[in-house]
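Trainee: Build the 3D model from these lines:
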Amino acid sequence: KNMPYGRGKKTRICAITGPELMDNAKKNVDHAILIDNIGSLKKNEIKNLASDYDYFLAQANVMPKIATSFGKIFGPRGKMPNPKAGCIVPLNANLAPLIEKLQNTIRVTAKTSPVVQCGIGTEELNDDKIADNILTVYNSIMFLNKALFVSRGDYEGHCSVVVGFGLGYCRTLLHPQLTA
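Mentor: Just a heads-up that it's a prediction; the model follows:
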């Protein structure tokens, strides 16, 4: 989901492309890998790539090679280039708008329980911006899943905000939709 104010920290993006898109990728992403060089990467280096970058972009015509070389490592970690997020691009793509979109995008997953956990900001963002980010995530989850929850009878419609891995204090978010 795209949040109006982003996560408060930079999203790290790596592109795996052919020579056609390499110059564009070098200008716009944190790290660019030429498809001809992926054969020389060791398994440990691929694991390091998966842990160092949040999103991977891929040129559409090189996806079969990427799936073969990176699939076993990227797949279980959820790092394969995703066409739904726009991370598989054509040969002549302009990467700048896609990079800007990915900077404000978060992944929301709920694999084993109906609990959604995601980062919505850092201490540097003011309370109003964090509240807007929370509302954006909350509204998109409710819009997508309300019918499912209501039909199963376990829709409670509440939200808890937890400050974690930072200073041990709690903010009071004064936003009309959150305090109702």
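Trainee: which stretch of helix or strand covers Leu91?
Mentor: Using DSSP states H and E, Leu91 is not contained in any helix or strand.
Trainee: So for Ile130, what's the pLDDT?
Mentor: pLDDT recorded at Ile130 is 80.
Trainee: In contact with the nearest residue to Pro90 once chain neighbours are set aside, which residues are there?
Mentor: Distance criterion Cβ to Cβ, 6 or more residues apart in numbering; nearest residue to Pro90, sequence neighbours excluded, is Ala60 at 5.6 Å. (Each C-beta comes from the backbone N, C-alpha and C, glycine too.) Neighbouring residues of Ala60 by Cβ atoms under 8 Å, 6 or more residues apart in numbering: 88-91.
Trainee: who's in contact with stretch 38-46?
Mentor: By Cβ under 8 Å, 6+ apart, stretch 38-46 touches 16, 49, 65-66, 69-70, 73-74.
Trainee: got any ranges where the chain has weak pLDDT?
Mentor: For the chain, the stretches flagged by pLDDT under 70 are 1-8, 108-111, 113-116, 143-180.
Trainee: try 80 this time
Mentor: The chain contains residues with pLDDT under 80 at 1-9, 104-123, 127, 137-180.
Trainee: which residue ranges form the helices in it?
Mentor: 22-28, 43-52, 63-77, 95-103, 127-152, 176-179 (DSSP state H).
Trainee: Tabulate those in a markdown table, adding columns for distance to Thr112 and mean neighbour count.
Mentor: Below are the helices of the chain laid out as a markdown table (distance: least, Cβ to Cβ, whole Å; neighbours: other Cβ atoms under 10 Å):
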| stretch | distance to Thr112 | mean neighbour count |
| --- | --- | --- |
| helix 22-28 | 36 | 16 |
| helix 43-52 | 21 | 13 |
| helix 63-77 | 15 | 14 |
| helix 95-103 | 26 | 16 |
| helix 127-152 | 16 | 15 |
| helix 176-179 | 27 | 10 |
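Trainee: In a markdown table: those helices, plus distance to Ile120.
Mentor: A markdown table is the format used below for those (distance: least, Cβ to Cβ, whole Å):
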| stretch | distance to Ile120 |
| --- | --- |
| helix 22-28 | 25 |
| helix 43-52 | 22 |
| helix 63-77 | 22 |
| helix 95-103 | 14 |
| helix 127-152 | 4 |
| helix 176-179 | 12 |
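Trainee: Of all those, which one is nearest Gly121?
Mentor: Smallest distance to Gly121 across the helices of the chain (Cβ to Cβ): 4.4 Å, for helix 127-152.
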